[in-house]
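Asks: let me see the structure of the following:
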Amino acid sequence: MDQHIETLSVATRGRSMTDISAAIAERLTSAGALEGLLTVFIRHTSASLTIQENADPDVQHDLLNALDRLAPADAPYVHTMEGPDDMPAHIKTVLTGTSVAVPVSGGRMMLGTWQGIYVVEHRARPHSREIVLHFSGTLG
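Replies: Okay, here's the model as predicted:
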């Protein structure tokens with residue numbers, strides 16, 4: 001079994017969902033990934049990863065609004081040192097997660113027809129986020 005690890009830098013626009021599927025697919029191709037498992041991990045606690053619908057942008061809009069209702073910025077948090085959007089961002093990351101695992105076959109991620117891998121930026125301002133890609137399987 002072979003392994004390949006690399007880091008992908010993603011610029012976010014502030015509170016948003018950024019589809020990184022194409023960038024990941026390019027990295028898998030460059031690495032020669034054939035059959036195996038890809039783990040995608042974000043190295044942050046105020047942004048997260050999710051696999052979600054990539055056909056209708058209204059889904060992303062509704063998901064971001066639902067997360068805002070679950071962890072509102074105006075709640076009485078104790079942790080406020082990094083601004084009013086930081087603690088809600090940590091809560092949203094707990095709810096959505098910091099990693100996803102995707103099977104790879106024939107060099108392609110086995111995502112569903114309408115699925116994409118997204119960085120979910122929970123903070124109000126833009127950030128540069130580091131995404132670690134770890135492929136374990138056969139390389140060609």
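
Asks: for the residue most central in space within the chain, helix, strand, or coil?
Replies: For the chain, the residue nearest the mean C-alpha position is Leu49 (2.4 Å; CA atoms, centre = their mean). What DSSP: H, G, I helix; E, B strand; the rest coil gives for Leu49 is strand.

Asks: how far off centre is stretch 108-121?
Replies: Its chain's average C-alpha position is 9 Å from that of stretch 108-121, according to CA atoms, centre = their mean, to the nearest Å.

Asks: now do stretch 41-59
Replies: 4 Å.

Asks: do stretch 83-92 as well
Replies: Taking CA atoms, centre = their mean, one finds stretch 83-92 lying 17 Å from the centre of the chain it belongs to.

Asks: with stretch 59-72 instead?
Replies: Mean C-alpha position of stretch 59-72 versus that of the full chain (CA atoms, centre = their mean) differs by 16 Å.

Asks: before we move on, back to that, from what I can see the residue nearest to the centre of the chain touches Val119, true?
Replies: Yes: the criterion here is CB atoms under 8 Å, and Leu49 meets it with Val119 at 6.3 Å. To be clear about C-beta, it is placed using only N, CA and C from the backbone, and glycine gets the same treatment.

Asks: joint contacts of these two?
Replies: Common neighbours of Leu49 and Val119 (criterion: CB atoms under 8 Å, 6 or more residues apart in numbering): 42, 131.

Asks: contacts only, for the nearest residue to Ser48 once chain neighbours are set aside.
Replies: Closest residue to Ser48 apart from its sequence neighbours, by CB to CB, 6 or more residues apart in numbering: Thr96 at 4.0 Å. Applying CB under 8 Å, 6+ apart, we find Thr96 in contact with 48-50, 67, 120.

Asks: and the two most separated of those?
Replies: By the measure CB to CB, Leu49 and Leu67 form the most distant pair in those, at 13.6 Å.

Asks: pLDDT on the helix or strand hosting Thr93, on average?
Replies: Taking DSSP states H and E as the definition, one finds Thr93 inside helix 86-96. In this model, helix 86-96 has an average pLDDT of 97.
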